[in-house]
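**Q** Got a sequence here, can you model it:
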Amino acid sequence: MSGGHGHIDPSNKKIAMLIAILALVLAISETLGKSAQTTGLSANIEASNLWAFFQAKTVRMTVLRTASEQVEAELPLAENAKVRDALAKRVDKWKKTWERYDTEPETQEGRKELAARAKAAEKKRDYALAAYHHFEVASAAVQIAIVLASAEVITGVAALVWLSGALGITGIVFCAIGIFWPTAIHLF
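**A** Next up, the predicted model:
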């Protein structure tokens, strides 16, 4: 109100509209940021699980390979032909099993497939967390912009509105970077 006559300063309406738009941008950047953060954390868990499965397959494969190599080395020492044949069959079975542990395209659970899946999950995680950081910068810029626009209403310092607008645009730019090019700029 100005002059006590019940009239609202028209510049305050414009600032109120600016604050409303900034609040909308803030809500969008916060929502996108939380979504990216959740995606990043989920992909990180998936990558960790896949690498743990990879390690388990590696241990199993190594144990079977070692056992088969040891028995294979001792085969010529077996005096009984039946025992030698049984051991040879066992070694063949172990070899097939450890080869399956190394690669199993039909189930995607061989070491090679697990490593590829884990790397894909890591890539998804890195992409999502890069986007998350940009949304966080956008949110911070817009929050400061809202404070500055509010301060202009109280102080009447026009420079605060311009600074608020610039920070609002900065927030919008960082939202766009987070959506379209999250890995293009690395701030952190």
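**Q** which residue ranges form the helices in this structure?
**A** Counting by DSSP state H, the chain has helices at residues 10-74, 81-102, 111-155, 158-180.
**Q** can you list these in JSON lines and add distance to Leu187, mean pLDDT and mean neighbour count?
**A** No exception for glycine: its C-beta is placed from N, CA and C like everyone else's. Shown next, in JSON lines, are the helices of the chain (distance: least, Cβ to Cβ, whole Å; pLDDT from 0 to 100; neighbours: other Cβ atoms under 10 Å):
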{"stretch": "helix 10-74", "distance to Leu187": "14", "mean pLDDT": "95", "mean neighbour count": "16"}
{"stretch": "helix 81-102", "distance to Leu187": "41", "mean pLDDT": "92", "mean neighbour count": "14"}
{"stretch": "helix 111-155", "distance to Leu187": "7", "mean pLDDT": "97", "mean neighbour count": "19"}
{"stretch": "helix 158-180", "distance to Leu187": "9", "mean pLDDT": "97", "mean neighbour count": "18"}
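**Q** okay if I get these as JSON lines plus distance to His186?
**A** As requested, those are exported to JSON lines (distance: least, Cβ to Cβ, whole Å):
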{"stretch": "helix 10-74", "distance to His186": "15"}
{"stretch": "helix 81-102", "distance to His186": "36"}
{"stretch": "helix 111-155", "distance to His186": "7"}
{"stretch": "helix 158-180", "distance to His186": "11"}
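**Q** got a list of what Lys95 touches?
**A** Residues near Lys95 by Cβ atoms under 8 Å, 6 or more residues apart in numbering: 64, 68.
**Q** cutoff 6 Å now
**A** Residues in contact with Lys95 (Cβ atoms under 6 Å, 6 or more residues apart in numbering) are Ser68.
**Q** From here on, call the first residue 765.
**A** From this message on, residue numbering opens at 765, which makes the last subject Lys859.
**Q** Give me the distance between it and Gln872.
**A** 22 Å (Cβ to Cβ, to the nearest Å).
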